[in-house]
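Novice: Sequence and computational prediction follow.
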Amino acid sequence: MAEPQMKVSEEIAITIQNMNKWYGSFHVLRDIDLTVNRGERIVICGPSGSGKSTLIRCINALEEHQQGRIEVDGTVLSSDLKNIDKIRSEVGMCFQHFNLFPHLTILENCTLAPIWVRKTPKKEAEETAMHFLEKVKIPDQANKYPGQLSGGQQQRVAIARSLCMKPRIMLFDEPTSALDPEMIKEVLDTMIELAEEGMTMLCVTHEMGFARQVANRVIFMDAGQIVEQNEPEEFFNNPKSDRTKLFLSQILGH
Amino acid sequence: MSDTHAHSVAFVRETEIPASPPPAAETGVVKWLRANLFATWANSLLTIVAIYVIYLILAGTLPWIANGIWNAGSLGECREILSGKVGACFAVLTERWPQLIYGFKYPTSEYWRPTLAFFLMLVALAPVLFFDLPRKLLIFTALFPFIAYWLIWGGTILTPILALAGFVGGFFVYQKFVKDSFALGAGGGALVALIIWVVGGWLIPDTANENAMLLAVPSRDLGGFMLNMMLGLTCVSLSIPLGIVLALGRQSHMPLIKGISVVFIEFIRGVPLITLLFVASVMLAYFFPPESTVDLFLRVVIMITMFSAAYIAEVIRGGLAALPKGQYEAADSLGLDYAQAMRLIILPQALKISIPGIVNIAVGLFKDTTLVSVISMFDILGMIRGPILASTEWNGVYWELLGFACVCFFITCYGISQYSQWLERRLATDHR
Ligand SMILES: Nc1ncnc2c1ncn2[C@@H]1O[C@H](COP(=O)(O)OP(=O)(O)O)[C@@H](O)[C@H]1O
Ligand SMILES: [Mg+2]
């Protein structure tokens, strides 16, 4: 397996302790405890509405949590805007619907944040952007607009856009679930490559092949709680909880 | 299941079907006429009625225009020349056009000044309207208000220079402190600008206007279509930024800012513009310190600007609401702060969606500037209704004068609307 070459360090990237979140009176996330080491690749799965998106969106403060403690890269998430901006510039995020900026070219999409947030000179930012666009294998599209690209290409641009900020952690929220089947592979390949380079990744996905290949841990969530987590082999071959078994039987289709 | 399928379900295509052109479109004039004008009985009837109406209109107006008299001293003379025939008396335009354009009190020897200002306006607008032009031209655009002010009002050049100095000083202070905090930068900038203006105001001697390079022209002497253009341009360019601020304020999570924006917008939208103009002409003076006689032009500008800003704010709010939430989230997740996210991501897209609405309001605003004739300002309509129609020579020349006003407004408004259509096409990058 690819496991040995993808090292996980002892250093801690994300700590979540006793985290609770409500939408109004609806208790979405309940007593979440999670520690992610640097270089770890975690796949989060679970039925729709179980709070997977909410969980990873709390990590970069797109959603506010009401109780508990979240520490990202040594910075504790508080309502202080400076802290939030610092964490967001260290944590990249890819969305289900790509969320590229349609009024900017691919290159401008990639250079915008480095130029304005990191204050990188424009030329340097463009070189970095081209480097990452080459990495996701679409350097020739740099001057097109997002609307001119296919879904798979757009998602790869979105990944490149995040990478241009040189993030230490990447969050993915169902990056392939809005894509046509023939485009899923190209996006997964990009993500696998990223994993092999040792990026710390939290990935909400139902691509179980991807989970088996790159994850060091699979987390199963249901009703706002972490129900089960384990190494992928164990998780798939030997699920402990009934809810996990039911879920796996549904998505694996037998 | 049909027979063919029953025989052979398995099928493999062995030859490619070559692409062929679509069937030839039905062409020819007769076919076009039949399809578009005389397709059915009802259709033919409507076509004939429409043609008859068009004929009536043209039969009435064309001889009137063609027989028009361009050279005469009064309506009476026109009638003599026409001697009973139908014909327009365009002589009023030949004789009075300077008044229609510049008003009846603007010194004749100084007409070149507003004319020059008009052409400079075209230069100043060019880089704003056509963004392929070099960005350096915007420096001239920034200077244009001060140049135009000096050209039109004349008087000492110290006044526009002082105004400019205030803005420049304020801007530098803003630049210096904005990195620490936006509020500090904006507040400090405003304070410094105010200090420069007040101190400078003391320093400029009261007599400065008397022997100035350009003859001073007071606001009440401005008039004609020039006044409409001045009000229109000033109010549009001020109300768009104010409208953006109000729209963002209305979306704000801070209750006080949100409250102020909502109350302002709803109040202004609930009041007729004409009422606000009357307020401007009689009452607004109470709000300013008693010794300062705030110019009527400025008071009217404030009112019209507030009025259209409220409407523009609502249009922009619609544009903001039309943006998917993902755009805000993507901007946030990249670490952009509020001001950056708005300026670089949200507003460019929201404004693009809002262009038709904003143009609609700008055109309406421009036409509404004729309402100032009601508070005895002599814009083009005020000139027609007042000095020109009241004169003994031209009493009764309604069609020609009002037609001229229509043409002036139509050319400007049609130009604006054509520009906005071009802009929409030009900005269509998302290929949705
Ligand atoms: N902004 C919101 N306001 C109220 N309820 C929400 C909001 N966003 C999500 N929810 C609810 O929270 C639950 C978890 O949502 P989400 O984290 O998106 O689930 P998942 O990503 O696992 O499908 C769902 O029941 C959803 O309806
Ligand atoms: Mg989700």
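Specialist: Perfect, I can see it now. Ligands and ions are numbered 1, 2, ... in the order given.
Novice: Kindly report the residues of chain A close to chain B.
Specialist: Contact residues, chain A versus chain B (C-beta under 8 Å from any C-beta of the partner chain): A:60, A:62, A:81, A:85-86, A:88-89, A:91-93, A:95, A:97, A:99-103, A:112-113, A:116-117, A:145-148, A:161-162, A:165. Where you see a C-beta, it was placed from the backbone N, CA and C, and this is true even at glycine.
Novice: can you give me the helices for the stretch 151-254 of chain A?
Specialist: A:151-163, A:181-196, A:208-214, A:232-237, A:242-252 (DSSP state H, counting those that start in this stretch).
Novice: next one: the stretch 201-350 of chain B
Specialist: B:224-251, B:255-269, B:273-278, B:296-322, B:325-333, B:338-340, B:347-368.
Novice: would you turn the ones you listed into JSON lines with distance to A:Ile14?
Specialist: Output for these, formatted as JSON lines (distance: least, C-beta to C-beta, whole Å):
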{"stretch": "helix B:224-251", "distance to A:Ile14": "32"}
{"stretch": "helix B:255-269", "distance to A:Ile14": "34"}
{"stretch": "helix B:273-278", "distance to A:Ile14": "57"}
{"stretch": "helix B:296-322", "distance to A:Ile14": "33"}
{"stretch": "helix B:325-333", "distance to A:Ile14": "15"}
{"stretch": "helix B:338-340", "distance to A:Ile14": "25"}
{"stretch": "helix B:347-368", "distance to A:Ile14": "32"}
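Novice: can you tell me which of the ones you listed comes nearest to chain A?
Specialist: helix B:325-333 (3.8 Å; C-beta to the nearest C-beta).
Novice: quick one: that closest one to helix B:347-368, angle?
Specialist: In terms of direction (axes from the mean of the first three to the mean of the last three C-alpha atoms, to 10 degrees), helix B:325-333 departs from helix B:347-368 by 120 degrees.
Novice: who's in contact with helix B:325-333?
Specialist: Here helix B:325-333 makes contact (C-beta atoms under 8 Å, 6 or more residues apart in numbering or on different chains) with A:60, A:62, A:88, A:91-93, A:95, A:97, A:99-101, A:162, B:340-341, B:344-346, B:349.
Novice: quick one: pLDDT of the residue lying closest to A:Leu100 once chain neighbours are set aside?
Specialist: Take A:Leu100 and drop its neighbours on the chain: the residue closest to it by C-beta to C-beta, 6 or more residues apart in numbering or on different chains is A:Pro146, 3.9 Å away. Confidence at A:Pro146, expressed as pLDDT, is 92.
Novice: Likewise for the one 3 residues further on?
Specialist: On the pLDDT scale, A:Leu149 is placed at 91.
Novice: In contact with the closest residue to it other than its chain neighbours, which residues?
Specialist: Leaving aside its chain neighbours, A:Leu149 sits nearest to A:Gln141 (6.0 Å; criterion: C-beta to C-beta, 6+ apart). Applying C-beta under 8 Å, 6+ apart to A:Gln141 gives the contacts A:106, A:133, A:148-149, A:153, A:157.
Novice: Do you know the pLDDT at residue 116?
Specialist: Since no chain was named, I'll use chain A. A:Trp116 carries a pLDDT value of 91.
Novice: that answer is for a different chain, and I need it for chain B
Specialist: 94.
Novice: isn't there a helix covering it?
Specialist: Yes - assessed with DSSP: H, G, I helix; E, B strand; the rest coil, B:Leu116 lies in a helix.
Novice: burial of the residue lying closest to it once chain neighbours are set aside, as a residue count?
Specialist: Distances taken as C-beta to C-beta, 6+ apart place B:Leu151 nearest to B:Leu116, at 6.0 Å, with adjacent residues excluded. For B:Leu151, the count of nearby residues is 20 (other C-beta atoms under 10 Å in any protein chain shown).
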